[in-house]
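>>> sequence and predicted structure below; questions after.
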Amino acid sequence: MAQLYHLVILFMVLITAEAAYRGPACPSSCRCLHFEGLQSVYCNRTGINAVPSGIPPDTQLLDLSENNIERIALDDLKGLKYLQELDLSSNRLDESSIESRALDLTKLVTIDLSFNLYKSIPKSLPANISKLWFFNNNVQILKSDSFLNYTNLQYVDLSNNNMVAIEKGAFDPLLFLQTLYIPFNNLTDESIPPGTFNGSTNLQLLSVRFNLLQHMFKYLPCSLQYLDYVGNKIITIPAYSFVDLPNLQTLSFWEGQVTTIEDNAFFGLSKLKILDMNMDKLSSAITNNTFAGLTNLQTCYMYSNSISRLDIGALYHFTSLSELWLQGNKMSTLRPEVLDVKYIPKLSQLYIDSNPWYCDCHLRWLREKVDKAPYVIQDTHLIVCAGPENLAGKAWDVLKPSDFVCPS
Ligand SMILES: *[C@@H]1O[C@H](CO)[C@@H](O)[C@H](O)[C@H]1NC(C)=O
Ligand SMILES: *[C@@H]1O[C@H](CO)[C@@H](O)[C@H](O)[C@H]1NC(C)=O
Ligand SMILES: *[C@@H]1O[C@H](CO)[C@@H](O)[C@H](O)[C@H]1NC(C)=O
Ligand SMILES: *[C@@H]1O[C@H](CO)[C@@H](O)[C@H](O)[C@H]1NC(C)=O
Ligand SMILES: *[C@@H]1O[C@H](CO)[C@@H](O)[C@H](O)[C@H]1NC(C)=O
Ligand SMILES: *[C@@H]1O[C@H](CO)[C@@H](O)[C@H](O)[C@H]1NC(C)=O
């Protein structure tokens with residue numbers, strides 16, 4: 001009996017210690033913990049339809065996502081003067097849900113309102129907001145006054161909003177904007193007025209992935225480092241398209257409709273490290289001037305296109321190139337001068353499988369390189385001859401250079 005009594009006492013001491021350790025009480029539906037340096041309160045996916053009461057006043061991160069919240073009243077978050085980050089994604093919020101000033105908390109700068117019912121950017125966000133996640137709403141038209149009062153925004157994600165138009169000047173107030181995602185919308189050339197990004201002179205990343213653009217933007221801020229046109233309907237990359245973007249490091253066009261790169265298209269991109277044109281429809285010859293100016297390129301992705309011809313000096317601009325991805329094209333032969341390592345001294349990985357190689361004496365040099373080049377020719381078991389007839393269907397890992405012959 002005495003033993004049991006002692007156990008009970010010990011148990012009560014432990015509970016008290018635990019409560020003291022936890023600090024102020026936590027709302028019953030939530031979990032309060034210190035996580036990644038922040039006092040965090042997780043009430044996500046708990047079935048609540050209102051902000052719970054009793055949120056500890058020292059809360060820095062509040063996660064209310066995946067609930068049925070329809071309203072944030074003026075006093076719901078009152079006193080949370082340390083709150084920095086608020087996640088309200090996947091609720092039932094619309095323009096009338098957040099009472100004016102309800103989010104005016106001095107430290108609140110990061111808000112997630114994705115997967116709600118908004119048709120416009122709400123007017124009741126905090127004046128100091130710097131990061132806004134707003135994907136999967138229904139902002140079909142982005143109004144020109146959308147960001148008028150949110151001039152500190154640095155990061156905006158408007159993915160997947162059914163957006164068909166951006167009104168003139170919508171981003172003009174965002175002088176500090178660094179990252180802008182507008183992918184997975186229905187934007188066309190006509191739906192984005194020229195000069196739309198002129199005001200964002202600090203923009204570093206712009207993604208318009210999977211829209212309906214047929215042409216590239218005429219004016220972009222020269223601060224850009226990452227430009228993403230993936231999955232659009234751009235057919236031609238005209239000469240000198242990027243001369244105003246000297247700071248670009250990554251340029252992506254994959255899964256698009258690009259058939260033609262004009263000579264000198266990339267001229268001026270002397271800091272570009274990655275060019276990604278995989279899964280396009282490139283059929284133009286790669287000439288001596290296609291890649292002019294890309295002296296710092298490290299990775300060139302061009303797989304799954306229809307490239308059949310590389311001119312002898314086509315790769316000579318690539319003094320920094322390490323990886324060249326050319327598999328899945330229409331190349332049947334290649335001159336040895338094309339891969340002269342005098343001009344492409346840093347080449348380390350070469351991908352050329354899934355091309356219709358014609359394995360005669362003219363290509364023997366390339367099979368020899370498999371065994372003794374300073375670079376690695378990858379996936380030799382997938383490099384298969386399309387001809388001549390006696391070698392058709394044979395892979396390079398089972399062929400020897402001496403098999404590559406011409407009729408005498
Ligand atoms: C709430 O969010 C946190 C952090 O993302 C996650 O670890 C946790 O599993 C979520 N809780 C529920 C009930 O989904
Ligand atoms: C915005 O942030 C500044 C500096 O952190 C702070 O002094 C000011 O009160 C904030 N403004 C609002 C409306 O919370
Ligand atoms: C900007 O804030 C002012 C003052 O709070 C307000 O009167 C105005 O309607 C707001 N404008 C927009 C476009 O939200
Ligand atoms: C956007 O495109 C998708 C897919 O084509 C379509 O289902 C949707 O209705 C379009 N939205 C608008 C607002 O046009
Ligand atoms: C955008 O900037 C370019 C120059 O970089 C200028 O020619 C153009 O008129 C500007 N457009 C707008 C709408 O400000
Ligand atoms: C391309 O460059 C190579 C090597 O510099 C040169 O031999 C060849 O004549 C050039 N081709 C054309 C069409 O200018």
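Yep, it's here. Numbers count the residues shown, from 1 in each chain. Ligands and ions are numbered 1, 2, ... in the order given.

>>> not including adjacent chain positions, what is the nearest residue to the closest residue to ligand 6 within the stretch 201-350 of the chain?
Proximity of the stretch 201-350 of the chain to ligand 6 (Cβ to the nearest ligand atom) peaks at residue 313, 2.6 Å away. C-beta: built from backbone N, CA, C; applies to glycine. Closest residue in space to residue 313, ignoring its immediate chain neighbours: residue 288 at 4.1 Å, by Cβ to Cβ, 6 or more residues apart in numbering.

>>> give the contact list for that neighbour.
Contacts for residue 288 (Cβ atoms under 8 Å, 6 or more residues apart in numbering) come out as 311, 312, 313, 314, 316.

>>> make it 6 Å
Neighbouring residues of residue 288 by Cβ atoms under 6 Å, 6 or more residues apart in numbering: 311, 313, 314.

>>> pick the one among these closest to ligand 1.
Distances from ligand 1 to these, taken by Cβ to the nearest ligand atom, are shortest for residue 314, at 47.9 Å.

>>> that closest one: how many residues sit nearby?
Using other Cβ atoms under 10 Å, residue 314 is surrounded by 18 other residues.

>>> so it is in which element?
Using DSSP states H and E, residue 314 sits in no helix or strand.

>>> quick check, it in contact with residue 286.
Yes. Here residue 314 reaches residue 286: they are 4.5 Å apart, a contact under Cβ atoms under 6 Å.

>>> isn't residue 63 right next to residue 88, touching?
No. Look at residue 63 against residue 88 with Cβ under 6 Å: they stay out of range, at 9.0 Å.

>>> can you get me a residue count around the closest residue to ligand 5 within the chain?
Minimum separation of the chain from ligand 5 (Cβ to the nearest ligand atom) falls at residue 195, amounting to 2.5 Å. By other Cβ under 10 Å, the residues close to residue 195 number 15.

>>> so what's it up against?
residue 219.

>>> near ligand 4, which residues of the stretch 51-200 of the chain are found?
140, 162, 164, 186 (Cβ under 6 Å from any ligand atom).

>>> could you measure from the first one over to residue 206?
Residue 140 sits 21 Å away from residue 206, going by Cβ to Cβ, to the nearest Å.

>>> these two: who's more crowded?
Neighbours were counted for residue 140 and for residue 206 using other Cβ under 10 Å; residue 206 has more, 22 against 14.

>>> beta-bridge partners for the more buried one, please?
residue 180, residue 227 (DSSP bridges).

>>> was I right about it contacting residue 178?
No. Using Cβ under 6 Å, residue 206 is not in contact with residue 178; the gap is 10.1 Å.

>>> how far away is residue 200 from residue 71?
Distance from residue 200 to residue 71, by Cβ to Cβ: 33 Å.
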